[in-house]
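Visitor: when you get a sec, could you give me coordinates for this:
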Amino acid sequence: MALSAGFGRKRHDKWLWAAVLSALALAGSASTAAGAPTVPLAFRGEWNADLKACGTDLNDSRLIVSGRKLTFYESAGPPVRVVEHSRREIELLVRLRGEGEGPWVQSFRLRLMDHGMKLVDVSHAQPFGRSRCPPAAPERQ
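Guide: Next up, the predicted model:
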């Protein structure tokens, strides 16, 4: 009985996500009037839990945020929806691919702290913080 209840729940979740994505496609984005949603400038950059690993793939906490893409250690994708709750807090719905799977949609609620030097994912019961990496040094020719 538990197995069939779990199966039904997965099927229900699948339909629920399909409905959410359809509604988002029809509603458009809260962040732009036309075109793809964009992440506000203050949230963009490279973020890492270990500042010594900035600019490398040595730490799986690495997150690179651009205007139209979030890149994690093993997955990446564009935001489907960006909602700015304040200058320091946004909510994102991101269509991700990677880890040998995809696509899937995941939501994130991100908060800037310490004068924009720390990005905290407050989506879950245990917030997870990353520090802003220094800008990459320009290459010399």
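Visitor: C-alpha from now on. contacts and neighbour counts both.
Guide: OK.
Visitor: report the spatially closest residue to residue 39, excluding sequence-adjacent ones.
Guide: Of all residues not flanking residue 39 in the chain, residue 67 sits nearest, at 4.7 Å (CA to CA, 6 or more residues apart in numbering).
Visitor: from residue 128, how far off is that neighbour?
Guide: Residue 67 sits 21 Å away from residue 128, going by CA to CA, to the nearest Å.
Visitor: can you check residue 89 too?
Guide: Residue 89 is 14 Å from residue 128, by CA to CA.
Visitor: which of those two has more neighbours?
Guide: residue 89 (19 against 14; other CA atoms under 10 Å).
Visitor: compute the number of surrounding residues for the residue nearest to that one when sequence neighbours are not counted.
Guide: Nearest non-adjacent residue to residue 89, counting by CA to CA, 6+ apart: residue 111, 4.4 Å away. Counted with other CA under 10 Å, the neighbours of residue 111 add up to 22.
Visitor: how far away is residue 111 from residue 88?
Guide: Distance from residue 111 to residue 88, by CA to CA: 6 Å.
Visitor: for residue 57, same thing?
Guide: 27 Å.
Visitor: neighbour count winner among those two?
Guide: Shown here are residue 57 and residue 88; by other CA under 10 Å, residue 88 has more neighbours (16 against 12).
Visitor: nearest residue to the more buried one other than its sequence neighbours?
Guide: Using CA to CA, 6+ apart, the nearest residue to residue 88 is residue 112, at 5.0 Å.
Visitor: and what of residue 107?
Guide: residue 93 (4.4 Å).
Visitor: right, and the one you found touches residue 70 too?
Guide: No - between residue 93 and residue 70 there is no contact under CA atoms under 8 Å: 10.6 Å.
Visitor: spit out the residues that contact these two alike.
Guide: residue 79 (CA atoms under 8 Å, 6 or more residues apart in numbering).
Visitor: higher neighbour count, those two?
Guide: With neighbours defined as other CA under 10 Å, residue 93 and residue 70 compare such that residue 70 has more, 21 against 18.
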